[in-house]
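>>> Structure for this input, please:
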Amino acid sequence: MLCVLAGIALTAGCVTNIEDTGPIPEKVPVQVVPELAARLPPEIAAAGEVVVGVNVPYQPNEYKDRHGAIVGFDIDLMDAVTAVLGIRARYAESAFEKIIPAVQAGTYDLGMSSITDTAEREQQVDFVTYFTAGVRWAQRTGAEIDPENACGLRVAVQATTIEHIEEVPAKSEACVAAGKEPIIIDAFDEQSAVTNALVLGQVDAMSADSPVTAYAIKQTDGKIEPAGRVFDAAPYGWAVAKGSPLAPVLRDAVQHLMDNGKYRQITENWGVQDGALDTSVINGAGS
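Below is the predicted model of the structure:
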């Protein structure tokens, strides 16, 4: 999801950010693993917490419930990982493009906001992979949108995401190269505004990470539906400073949850099990 580019112009919009008010799955109980906890960097062990930079809303991965608490699949998984390590996660809200620079600067111990692990980003931070997602388009129900032939259409994306920076622009460039009209890209600050723009007919289609599109479709009571297939699957990763000793500890903690079935249970609670991994790695962009 996240990119670290700055200075991107956003499309203005008067869309209300309505966050989910549906039922939240119960937390999956996990036990501390002392031998993993003992490997935490001393400053984190002493603090008893990791500071996690996160951007909301991006349902179902990270968003706010009706009481303003940050919830979601990513949150439940990180809470389980930190429980294995005998510490807690403290979530700090941030703009998308500021998370990775803040990790580099040491403001956050890690960044977690459905960040796609890419080779380019691995030059800035290390990633601990924990999930895989592709890109999925959606259309208003009954429309006939082909993501591979969307020339001249208006497509909504969340600003600074892979869809905004790479995927839809590449499709637009292919249109121009073929002598056709470019895709008009409308970028919004929040995914909820992207979905609303499609529901209201302000755009012809939207593009987002596959679990996000699936959740948006579920929440709109049949107003939108999938368009085309899932493509360009890639791993999500937790971003940590280059060379940080926290990376292998996080990897082994989430691997512990993968091996004992708790990880799978968390993915199923949120309906995102199609993107579940069997193995976590550090810097998996080339895997």
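
>>> ok, the nearest residue to Pro211 once chain neighbours are set aside to Val50 distance?
Nearest residue to Pro211, sequence neighbours excluded (C-beta to C-beta, 6 or more residues apart in numbering): Val272, at 4.6 Å. Yep, even glycine has a C-beta here, placed from its N, CA and C like the rest. Going from Val272 to Val50 by C-beta to C-beta, to the nearest Å gives 23 Å.

>>> Report the secondary structure state of the most centrally placed residue in the chain.
By C-alpha atoms, centre = their mean, the chain has its centre lying nearest to Ser114, at 1.8 Å. Of the three states, Ser114 takes coil under DSSP: H, G, I helix; E, B strand; the rest coil.

>>> And the helices in the stretch 151-287 of the chain?
162, 168-177, 191-199, 210-219, 246-260, 262-269 (DSSP state H, counting those that start in this stretch).

>>> just the CA coordinates of stretch 175-182, formatted as PDB?
What follows is stretch 175-182, C-alpha atoms only, in PDB (Å, rounded to 0.1, in the frame of the first residue of the first chain):
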ATOM      1  CA  CYS A 175      -3.200   3.600 -23.300                       C
ATOM      2  CA  VAL A 176      -1.300   6.600 -24.500                       C
ATOM      3  CA  ALA A 177       1.300   4.400 -26.200                       C
ATOM      4  CA  ALA A 178      -1.600   2.800 -28.100                       C
ATOM      5  CA  GLY A 179      -2.900   6.100 -29.200                       C
ATOM      6  CA  LYS A 180      -5.900   6.100 -26.800                       C
ATOM      7  CA  GLU A 181      -7.000   8.500 -24.100                       C
ATOM      8  CA  PRO A 182      -5.200   8.300 -20.700                       C
END
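
>>> give me the low-pLDDT residue ranges for the stretch 1-150 of the chain?
1-22 (pLDDT under 70).

>>> can you give me the strands for it?
49-54, 63-64, 70-71, 88-93, 110-111, 125-140 (DSSP state E, counting those that start in this stretch).

>>> Show the contacting residues for the residue nearest to Pro211.
60-61, 73, 131, 211, 214 (C-beta atoms under 8 Å, 6 or more residues apart in numbering).

>>> Recalculate using a threshold of 10 Å.
60-61, 72-74, 77, 131, 133, 210-212, 214-215, 266 (C-beta atoms under 10 Å, 6 or more residues apart in numbering).

>>> follow-up on the earlier one: from Ala159, how far out is the residue nearest to the centre of the chain?
Taking C-beta to C-beta, one finds Ser114 at 14 Å from Ala159.
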